[in-house]
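Participant: Would you be able to build a 3D model of this:
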Amino acid sequence: MFRRRRSIDHNDKVKNHSIYKNRMIFWITMVYVSTIVLQFLEDVLYVQASIFTALMILHSLLYKYPYQMKNRYSSFYFFLQCTIIFVSAFIMPHGSPIVLIGLLPILIAESIHFFENSFKVLLAVILLYLPYTFIVSLNYGIQKLPFYIPILFFIIAISAFYSILYVKQANAWANMQYYIRKLEAANQKIEELTIVNERKRLARDLHDTLAQGLVGLIMKLEAIDVHIQHGNKERSSQIVKESMHQARIALKEAREAIDDLRSISNVSIVQKIEEEIKKFMKTTSIQVKTTIGMIPELPDKIDQNVMYMISECLTNITKHAQATKVNVTIFIENKELCIQIADNGVGFNTNIIESQKGHYGLIGINERTRLLNGTITITSNEKAGTSVKMKIPLG
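Facilitator: Model (predicted):
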């Protein structure tokens, strides 16, 4: 029952020891004064009082000795302390009850902290009781033992009880410090992971705003160049105006991504998807068949990421698919948001796409899907089109 956990940090033990050592000095001083007064009331012994004073000073200094040294030489420390106490009781016969009853319980209580073993503590109590009974018998006679032994036993029991409570409190305090350190380490790790995730998020957002916006502008500029070569200035002027409008939108979206402005919109997810598809059809002239079921209001995190993923899929079709038809199907099934975007384009080899540089769009879609704890399946065959299926849990 006196065994303590070995895992308590050494520095915590040092701090705990420093809390009560000054109180021990105060208690020893009270015992010293009471012993001198009781002895001098019966018999004035100046020489013995001087020796007793020196022994009490040494006794106090040993309590102030560094914890690590006391713990390292605990057997010698307790032998020396016991010797000081019993010699002091012997040379101050009339004050010996105060010395023995006042100092022995403290020493036994301290043994609980050092020996960390019930058997050793019990052995220390027995070894201290033997000289105690001898000193009492020598100074007061054997007939006084039935009076002094219960008193010492009662005081030792109280000291042991409070010492055990102290050990439990010290253990609890040390454990709390340990878990605080573990928590600080975990928080530091979380901060590091947060920084990494934030960098990935910024990369995705910048790709979904700046990169896509620039791709659209490049395509429009190429169209303008073609119309200029054919002398179609009216169509060129119209595309220039559209490009300016698209550039402003791209700039606005880039600023929102960089500044992490997440303004709450009253526009539903269905309206946003339909608007995105209209822009896609207007830009590419590719026909889109849309099938959208009843979609409730989604959390901002899902709403934003789903829009980015749909936009990225449409952008990939614009850049790579050479498709003429696209099917967009969105519905809810088994508490999952199911999204399927399929085209009749040239397709690609899905086994090598992630190993090639420049395909950050698909990487971003995969990252966003994992961020939402969803799944993504990409099926593509050369000259047979591509199908992207995503499932996002809603509950």
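
Participant: State the helix or strand in which residue 326 lies.
Facilitator: strand 325-333 (DSSP states H and E).

Participant: same deal with residue 250?
Facilitator: Secondary structure from DSSP H and E places residue 250 in helix 233-259.

Participant: Identify each buried residue in the strand holding residue 326, please.
Facilitator: Of all the residues in strand 325-333, those buried under the rule 16 or more other CB atoms under 10 Å are 326-328, 330. (Each C-beta comes from the backbone N, C-alpha and C, glycine too.)

Participant: immediately after the helix holding residue 250, which helix or strand?
Facilitator: Of the helices and strands lying after helix 233-259 in sequence (DSSP H and E), the nearest is helix 269-284.

Participant: Could you list the domains of this structure?
Facilitator: Following the assignment in automatic domain parsing, the chain carries domains at 10-184, 267-395.

Participant: ok, back up a step: could I have the strand holding residue 326 exported to PDB, CA atoms only?
Facilitator: The C-alpha coordinates for strand 325-333 follow below in PDB (Å, rounded to 0.1, in the frame of the first residue of the first chain):
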ATOM      1  CA  LYS A 325     -21.500  15.500 -74.200                       C
ATOM      2  CA  VAL A 326     -21.400  15.500 -70.400                       C
ATOM      3  CA  ASN A 327     -23.700  14.000 -67.900                       C
ATOM      4  CA  VAL A 328     -23.900  15.400 -64.300                       C
ATOM      5  CA  THR A 329     -25.900  13.400 -61.800                       C
ATOM      6  CA  ILE A 330     -26.300  14.400 -58.200                       C
ATOM      7  CA  PHE A 331     -28.600  12.700 -55.600                       C
ATOM      8  CA  ILE A 332     -28.700  11.500 -52.000                       C
ATOM      9  CA  GLU A 333     -28.700   7.800 -51.100                       C
END
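
Participant: What is the three-state secondary structure of residue 392?
Facilitator: Of the three states, residue 392 takes strand according to DSSP: H, G, I helix; E, B strand; the rest coil.

Participant: mind checking which helix or strand residue 231 is in?
Facilitator: With elements taken from DSSP H and E, nothing contains residue 231; it lies in neither a helix nor a strand.

Participant: Quick check: it vs residue 382, distance?
Facilitator: Distance, residue 231 to residue 382, using CB to CB, to the nearest Å: 38 Å.

Participant: Repeat that for residue 312.
Facilitator: Separation of residue 312 from residue 382 (CB to CB): 21 Å.

Participant: same question, residue 28
Facilitator: Distance from residue 28 to residue 382, counting by CB to CB: 93 Å.

Participant: The domains of the chain: lowest mean pLDDT?
Facilitator: Considering those one by one, the lowest average pLDDT is found for domain 10-184, at a mean of 73.

Participant: elements contacting the strand holding residue 326?
Facilitator: The elements that strand 325-333 packs onto, with contact taken as 3 or more CB pairs under 8 Å, 6 or more residues apart in numbering; DSSP states H and E, are helix 269-284, strand 287-292, strand 336-343.

Participant: quick one: strands adjacent to that strand?
Facilitator: Taking DSSP bridges as the criterion, strand 325-333 forms sheet pairs with strand 287-292 (parallel), strand 336-343 (antiparallel).

Participant: Report the backbone C-alpha coordinates of stretch 376-391 in CSV.
Facilitator: Backbone C-alpha positions of stretch 376-391 (Å, rounded to 0.1, in the frame of the first residue of the first chain) are rendered in CSV as follows:
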residue,chain,number,x,y,z
ILE,A,376,-13.9,8.7,-55.2
THR,A,377,-13.8,6.3,-58.2
ILE,A,378,-12.4,7.4,-61.5
THR,A,379,-13.1,5.1,-64.5
SER,A,380,-11.7,6.0,-67.9
ASN,A,381,-11.0,4.3,-71.1
GLU,A,382,-9.2,5.7,-74.0
LYS,A,383,-11.7,6.9,-76.7
ALA,A,384,-14.5,5.8,-74.4
GLY,A,385,-14.8,8.7,-72.0
THR,A,386,-14.3,9.3,-68.3
SER,A,387,-16.6,8.9,-65.3
VAL,A,388,-15.9,10.4,-61.9
LYS,A,389,-18.0,9.1,-59.0
MET,A,390,-17.8,10.7,-55.5
LYS,A,391,-19.7,9.8,-52.4
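
Participant: So which bits of it are buried?
Facilitator: By neighbour count, and taking 16+ other CB under 10 Å as the criterion, the buried residues in stretch 376-391 are 376, 378, 380, 385-388, 390-391.

Participant: one step back: distance to residue 285 for the buried residues of strand 325-333 - can I get that in JSON lines?
Facilitator: Formatted as JSON lines, the entries for these read as follows, by distance: CB to CB, whole Å:
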{"residue": "326", "distance to residue 285": "12"}
{"residue": "327", "distance to residue 285": "16"}
{"residue": "328", "distance to residue 285": "16"}
{"residue": "330", "distance to residue 285": "23"}
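
Participant: And the domains of the chain: which comes nearest residue 241?
Facilitator: domain 267-395 (13.3 Å; CB to CB).

Participant: List the buried residues in stretch 307-320.
Facilitator: Within stretch 307-320, the residues that qualify as buried are 307-318, 320, counting by 16+ other CB under 10 Å.

Participant: Mind listing residues that contact that stretch?
Facilitator: 204-205, 207-208, 212, 215, 219, 269, 272-273, 276-277, 280, 283-284, 286, 323, 326, 328, 339, 341, 343, 345-346, 348, 361-362, 364-365, 368-369, 386, 388, 390 (CB atoms under 8 Å, 6 or more residues apart in numbering).
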